[in-house]
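Undergrad: quick one, structure for this:
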Amino acid sequence: MRQRLLLHLLLFALPTSAAEQEVFVTRGAGSPVFSDRPQPGAKAVTLPPINVVEPLPVSKADASPRSSEEEGRPQAATPAYRSFRIVSPEDNGSVAANSALFDVRVVVEPPLQLGAGHAIEVSVNGQAVGQRFT
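TA: Now for the predicted structure:
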């Protein structure tokens with residue numbers, strides 16, 4: 001009986017803990033630094049709920065018709081990416097780039113689907129570098 005009560009309490013606590021997200025901000029060299037982990041001197045920031053927009057219904061007339069060739073042939077599904085990691089520069093690392101040139105290295109699993117037109121776009125300070133990387 002006691003174990004069941006504990007199990008029920010844990011099950012009710014899970015959704016509330018997942019819904020609460022704390023973001024920590026530290027004022028670094030003129031701009032804020034956001035993290036999911038508390039840092040010394042950081043303040044917790046409570047985020048407002050995200051905006052959610054319901055999709056518009058699509059009528060069958062709006063859907064593009066398929067040719068008879070396409071209907072008979074199954075299309076290969078593009079596999080979903082399981083992970084995307086930036087391995088260089090490392091997390092909380094520094095970049096010494098007097099010439100403003102530096103490498104960004106990523107690991108993508110499964111490998112990037114170049115044949116499907118997939119690419120990675122790099123932004124520096126919110127500005128796209130302006131070049132697609134494959």
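
Undergrad: I'd like the next helix or strand past the helix or strand bottoming out on mean pLDDT in the chain.
TA: Averaged element by element with mean pLDDT, DSSP states H and E, the chain has its least confident helix or strand at helix 68-72 (a mean of 54). Using DSSP states H and E, the helix or strand that follows helix 68-72 in sequence is strand 83-88.

Undergrad: who does that next one pair up with?
TA: strand 105-109 (antiparallel) (DSSP bridges).

Undergrad: neighbours of residue 35, how many?
TA: Residue 35: 14 surrounding residues under other C-beta atoms under 10 Å. C-beta here means a position set from N, CA and C on the backbone, and glycine is covered the same way.

Undergrad: residue 106 too?
TA: Residue 106: 13 neighbours (other C-beta under 10 Å).

Undergrad: what of residue 82?
TA: Applying other C-beta under 10 Å, we find 8 residues neighbouring residue 82.
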